[in-house]
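# Okay, sequence plus prediction incoming.
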Amino acid sequence: MVSRKRSSESGFTLIELIIVVTIVGLLAGIALVNVRHAQRKAAENILKANLTNMRKAIDDFYADKQRFPSALQELVDEKYMRRIPPDPITKSADTWIEVRDEANDSGFETSSNLNDSGAPGVVDVKSGATGQTIDDPPVAYDTL
């Protein structure tokens, strides 16, 4: 029988294993920091897109009817939108803040900013969410 010599180089040393585990831990930490805010950032981007679409629908409504809608629901009723989207931050379609134009710069109401019932119409929409975005610099949700 031939005896085989056991080589001292056949496995990993404890130092090599510690170095590999440390590198893997650092890479996992970096990935975790980058992914941690991804869901919130996506919700903020959806919020901005929803606000842009609703503001465009308000502008289109005004261009067609020469007045602002009495409520956001009127945009759906008149087929300017399929539905009022939910606020991705609050997860509710009922938290939108309707901004009404009660008077123009001269202080007098005009027929262009009044709806059929004589009440001021919705000229803008804002988010009802509280808190700030994670953008740099952070902006309050209700100012978007």
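Nice, I can see it. Residues are numbered from 1 along each chain as shown.

# what comes into contact with stretch 40-47?
Residues outside stretch 40-47 that contact it (CB atoms under 8 Å, 6 or more residues apart in numbering) are 87-89, 127, 129, 133-135, 141, 144. For every residue, glycine as well, the C-beta is placed using N, CA and C.

# Could you give me the PyMOL selection string for whichever of those are buried?
Per 16 or more other CB atoms under 10 Å, the buried members of the contacts of stretch 40-47 correspond to this PyMOL selection:
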select buried, resi 87+88+89+127+129+133+141+144
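
# Pick the one among the contacts of stretch 40-47 closest to A63.
Here the nearest of the contacts of stretch 40-47 to A63, counting by CB to CB, is L144; it sits at 23.1 Å.

# Check the spacing between that closest one and P69 real quick.
Distance of L144 to P69, computed by CB to CB, to the nearest Å: 20 Å.

# What of T90?
Taken as CB to CB, the span from T90 to P69 is 22 Å.

# From K126, how far off is the residue nearest to G131 when sequence neighbours are not counted?
Nearest non-adjacent residue to G131, counting by CB to CB, 6 or more residues apart in numbering: Y141, 6.0 Å away. For Y141, the distance to K126 equals 8 Å [CB to CB].

# and if you look at R55?
In this view, R55 and K126 are 10 Å apart by CB to CB.

# Compare neighbour counts for those two and give me the winner.
Between R55 and K126, K126 has the larger neighbour count (other CB atoms under 10 Å), namely 19 against 14.

# who touches the more buried one in this structure?
Residues near K126 by CB under 8 Å, 6+ apart: 51, 96-97, 99, 142-144.

# helix or strand for the residue nearest the centre of the chain, which one?
The residue lying closest to the centre of the chain (CA atoms, centre = their mean) is E44, at 1.9 Å. Taking DSSP states H and E as the criterion, E44 maps to helix 38-65.

# Okay, buried residues for that helix please.
Neighbour-count burial for helix 38-65 flags 43-44, 47, 50-51, 54, 57-58, 61-62 (criterion: 16+ other CB under 10 Å).
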